[in-house]
Structures are given as C-alpha cells and as structure tokens.
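> This is a predicted model, with the sequence first.
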Amino acid sequence: ITKNPDNTTIPCTMMRSLTRLLVALVAALLLTSTGAFSPTPIFKAPGASTSALSAKVKVEVVVGDGEPIESALRRFKREVNKSGHLMQLRHKRYFENAQEKKKRKVKEASMRKKYERMQRKRMQRQT
C-alpha cells in the first residue's frame with residue numbers, strides 16, 4: 001500500500017498497473033507523433049522510394065511563450081492548408097483517370113481566375 005500526498009492509500013498492484021499504462025501511452029504517443037504527415041506504405045516495391053510529396057512536406061509553427069495552444073493550432077492548420085499537400089493527398093486517395101484530372105484542373109483554374117478577378121475589383125474600389 002502506497003500513501004499519496006493527500007493521505008489516500010493506493011494498492012501497489014494498482015500503482016504498478018497505472019505506471020505501466022502511463023509508460024505505454026507515452027511510448028505510443030512518441031511512436032505516432034514521429035510520422036504524423038508522412039504515412040509509410042504497407043506494400044512497397046523493392047527499390048521504390050517514398051513519394052516525393054511526403055519527402056518535401058515541412059510545415060513548421062513556432063509557438064511563443066504564453067501563446068494559447070488554440071491560436072498556435074489555428075496557425076498550424078492555416079500553414080498546412082497553404083502548403084497544399086493535403087489537397088494532393090485527397091486527390092490521390094482514389095484513382096483519377098486523365099479525363100477526370102483534366103476536368104478538375106480546368107475547374108480549379110476557372111475558380112482561381114474568378115478569385116483573381118474579384119481581388120482586382122476590390123483593389124480598384126479601394127484606390
């Protein structure tokens with residue numbers, strides 16, 4: 001039996017099991033956090049390298065002293081969206097034939113031009 005600082009008693013077996021659980025959770029956290037944005041393929045051809053996309057992804061956010069975690073997380077999400085790699089991964093989730101890819105690219109280009117026109121109009125109104 002072990003005594004806590006608040007004078008409650010905990011059986012040693014329970015303390016050992018809690019310690020083991022804590023160690024297992026920390027180990028699992030460390031193992032999963034190392035490859036958060038670079039998933040490793042389950043089946044890999046011999047001599048095949050990892051995707052160029054996962055090798056180039058480097059999103060970094062510096063958290064200041066006393067900065068709330070919510071704002072740092074918001075900035076991190078914004079940086080991830082700006083990098084564009086999640087959109088690429090989303091498109092590569094399923095096979096996309098050449099015609100579908102072409103349609104998607106045309107649609108993306110038209111949306112980009114639309115936003116550029118809107119931005120130009122805003123700038124003209126401001127001046």
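Noted; the coordinates are in hand.
> Residue 89: neighbour count?
When neighbours are counted by other Cβ atoms under 10 Å, residue 89 registers 15. Heads up, the C-betas are built off the backbone N, CA and C, glycines and all.
> Now the closest residue to residue 91 other than its chain neighbours: which helix or strand?
With Cβ to Cβ, 6 or more residues apart in numbering as the measure, residue 104 is the residue that lies nearest to residue 91, at 7.3 Å, once sequence neighbours are left out. Under the assignment given by DSSP states H and E, the secondary-structure element containing residue 104 is helix 98-126.
> what's the strand or helix carrying residue 74 in contact with?
Secondary structure assignment for residue 74, by DSSP H and E: helix 69-83. Judged by Cβ atoms under 8 Å, 6 or more residues apart in numbering, the contacts made with helix 69-83 from elsewhere in the structure are 57, 59, 60, 61, 63, 86.
> Which member of those is positioned nearest residue 124?
residue 86 (33.4 Å; Cβ to Cβ).
> Spatially nearest residue to that closest one (excluding sequence neighbours)?
Per Cβ to Cβ, 6+ apart, closest to residue 86 is residue 80, 6.2 Å.
> and that neighbour, how many neighbours?
Other residues lying near residue 80 total 15 when counted by other Cβ under 10 Å.
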